[in-house]
Every structure is written in structure tokens, then in C-alpha cells.
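# sequence unknown, structure follows:
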């Protein structure tokens, strides 16, 4: 299994987000460290357009594939980035069975999560992809969600009964940012996740996806608490 860490240089929410400091270390370091500590990954590649991110990633023990400018804009999709990495490595004679995508904005994802997800995927030979998930809290369940009509009145968002009790609502799941995706390589021509998609359940506490300065500060406080206990 190949791990790809997409890390372009631009960012609107936090300038230079992927190498913003978290407890004195670049944000991307937490994902690279977790990847290197995992036992299920054959190679770890950072895809970037940025020379500084490339240098930091190499210093932390990751390989780097430089991406072209057209894959580094706000509109560039992760799927195209993965296809580019796989094509570059195939040119050197390497083709993995599956690709694990690890966004560097999920610093609380650990090597244990990575290995558990990889094991779950390996145990289902029919699976096309895997995505890490959390269970949706019952107050946000699709059967509880409402919308406002043109007249301003609330009606159920779905044309389904709205159970009054939590235990009457079937469990539903949501992707937890982009902590872990796994895709069988031959399906990367179509999607990152789809087809026979299986879940890997992660605890909410480990599912933080850093998107803005408040997220970064919250994780900083959390990690500070862990290290001072």
C-alpha cells in the first residue's frame, strides 16, 4: 500500500497551512510521523508544488513527488493529484495495489488508525475503497433535519417519518474530514471513494480537520493538555 500526503503550498484559511507550526513542529510532521510508524505502508509520498514543503517532508523521512502548477490551484481535485503520483511512480516501475490518502490537516490520526484501516481494507477483497467515518449525532440525523419552506415554515428535509426517540433512528455515518481514504489503484481512474465502499470508524476526538486558525488553536490546547498530564 502506498500512502500519499497531498500538501500544496497555497491555503486561504491559514497561510502556509501545511507547514504551520503546531507545538513547534510543522503540521505535516504529524501525518508523516504517523505514516512512518505504521507497519502497513510500503511507501510514503508527499505530493506538493512547494519547495519548502518538499524540503520539510524529505527531512522528516518522506519521499516527494513535485506536482505541476495546474494541480496546485484551489480548483485542483485530490483525485487528479493521486493519479499524477501513481503515474509518476509507474514510470519508475512501481505500482501499488492500493493508495491511502492522508491529508496533513488531520494531526490526531495515529499509526494505529492507519494500520487498523489498512487491515480492514485487506480483510475485504471485494472492497473498492474505504473512508474513515464518525457516527452522526442523533440530533443531526437525516430523519431529524428540517428545511424551511418558501413561506418560512419548517418541514422534514426527507420525506420520511421523524422518530421521536433516539433509539428509533438507524445509525448513519459521515466522513471525518479526510483522515483516511483507501482506494484500490485500478479504481483511481474513476474515484477516490466509491464503488464497494467500506467504513473505518474513528473516534470523534481523533477526527479533527484543521481548516482555520481556531481549529489549530484548539488542537494546540488539546495536545498541550495531553503532554502536561
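Yes, it's here. This is a predicted model, so every value here is computed, not measured.
# does the residue of the chain positioned farthest from its centre count as helix, strand or coil?
Within the chain, the residue lying farthest from the chain centre (Cα atoms, centre = their mean) is residue 151, at 39.5 Å. With DSSP: H, G, I helix; E, B strand; the rest coil as the basis, residue 151 sits in coil.
# run through the residues that contact residue 127.
Counting by Cβ atoms under 8 Å, 6 or more residues apart in numbering, residue 127 touches 121, 184, 196, 197, 198. All C-beta atoms are positioned from the backbone trio N, CA, C, and that covers glycine.
# any idea how far residue 192 is from it?
14 Å (Cβ to Cβ, to the nearest Å).
# about what we covered before: so which of the contacts of residue 127 is the most crowded?
residue 121 (24 neighbours; other Cβ atoms under 10 Å).
# I'd assumed residue 181 was in contact with it.
No. Checked against Cβ atoms under 8 Å, the pair residue 121 and residue 181 is beyond contact range at 10.3 Å.
# find residues that contact each of these two.
residue 130.
# domain ranges for this structure?
2-132+175-228, 137-171 (automatic domain parsing).
# lowest-confidence stretch among these?
For those, the weakest mean pLDDT is recorded on domain 137-171, namely a mean of 85.
# pull out the buried residues from that domain.
For domain 137-171, the neighbour count (16 or more other Cβ atoms under 10 Å) marks 138, 141, 143, 144, 169 as buried.
# which two of those have the greatest separation?
138 and 143 (9.2 Å; Cβ to Cβ).
# overlap in contacts of these two?
residue 169.
# thinking again about what came up before, winner for burial among the domains of the chain?
Among these, domain 2-132+175-228 has the highest mean neighbour count (mean count of other Cβ atoms under 10 Å), at a mean of 18.
# quick check: the spatially most central residue of the chain vs residue 123, distance?
With distances taken as Cα atoms, centre = their mean, the residue of the chain nearest its centroid is residue 178 (1.9 Å). For residue 178, the distance to residue 123 equals 22 Å [Cβ to Cβ].
# likewise residue 34?
For residue 34, the distance to residue 123 - Cβ to Cβ - is 21 Å.
# contacting residues around the nearest residue to residue 18 once chain neighbours are set aside?
In space, and not counting its chain neighbours, residue 18 is closest to residue 7: 4.3 Å by Cβ to Cβ, 6 or more residues apart in numbering. The contact partners of residue 7, by Cβ under 8 Å, 6+ apart, come to 18, 28, 46, 47, 48, 50, 53, 57, 104.
# do the same with residue 113
Taking Cβ under 8 Å, 6+ apart as the test, what residue 113 contacts is 34, 132, 179, 180, 200, 202, 206.
# touching, the fourth one and residue 100? I think so.
Yes. In terms of Cβ under 8 Å, residue 180 counts as a neighbour of residue 100; the distance is 6.5 Å.
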